[in-house]
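1. Below is the sequence, then the predicted model.
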Amino acid sequence: MRRVLRLVEDDQSGSPSEVDVIQLIRTAPIPHPVSQLKIPLPTGSNAYPDFSWPERMRIAEIDGFGSHSTPDQLQHDLERQNQLMELGWEIRRFTARQVRRDPERFLEELAKFVNAPFKPVL
């Protein structure tokens, strides 16, 4: 239990799935991400993506059904995603179920996304 609490405290993770992802990332050839990075949006609000790699302008979101299952939540998520993309961020979304059921494939996809050559927007 102490180990899980340290992970949540250290990484500011927002869900059990995010704790699982941090543990998986530590076993893979993926740079350590920033959790819950505050990103100001064009509308004046802020986004706090699950995981980001600011030097590469990449974000990974882990979507659980409970937090993303209503029409209002879906609309909010898509509007927020579009604003982040307007700022130049690349985004990949994964389900919590995918992380749990096929962690190897999840890590493979995440590593390919995060480690791809960075192409700054001009």
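-> That came through fine.

2. For the closest residue to Gln81 other than its chain neighbours, give the beta-bridge partners.
-> With Cβ to Cβ, 6 or more residues apart in numbering as the measure, Ile91 is the residue that lies nearest to Gln81, at 5.8 Å, once sequence neighbours are left out. Where you see a C-beta, it was placed from the backbone N, CA and C, and this is true even at glycine. Under DSSP bridges, the beta-bridge partners of Ile91 are Ile59.

3. wait, doesn't Ile91 sit right on Met85?
-> Yes: with contacts defined as Cβ atoms under 8 Å, Ile91 counts as touching Met85 at a distance of 6.5 Å.

4. neighbour count winner among those two?
-> Neighbours per residue, other Cβ atoms under 10 Å: of Ile91 and Met85, the larger number sits with Ile91, 17 against 12.

5. For Met57, see how far away the more buried one is.
-> Using Cβ to Cβ, to the nearest Å, one obtains 10 Å as the distance from Ile91 to Met57.

6. before we move on, what about Leu78?
-> Summarising the geometry, the distance separating Leu78 from Met57, computed by Cβ to Cβ, is 19 Å.

7. For the two, work out which one has more neighbours and name it.
-> The residue with more neighbours, out of Leu78 and Met57, is Met57; 17 against 10, by other Cβ under 10 Å.

8. State which helix of the chain is the longest.
-> As far as residue count goes, and with DSSP state H defining each element, the longest helix of the chain is helix 71-86.

9. so how far is it off the chain centroid?
-> In terms of Cα atoms, centre = their mean, to the nearest Å, the gap separating the centre of helix 71-86 from the centre of its chain is 14 Å.
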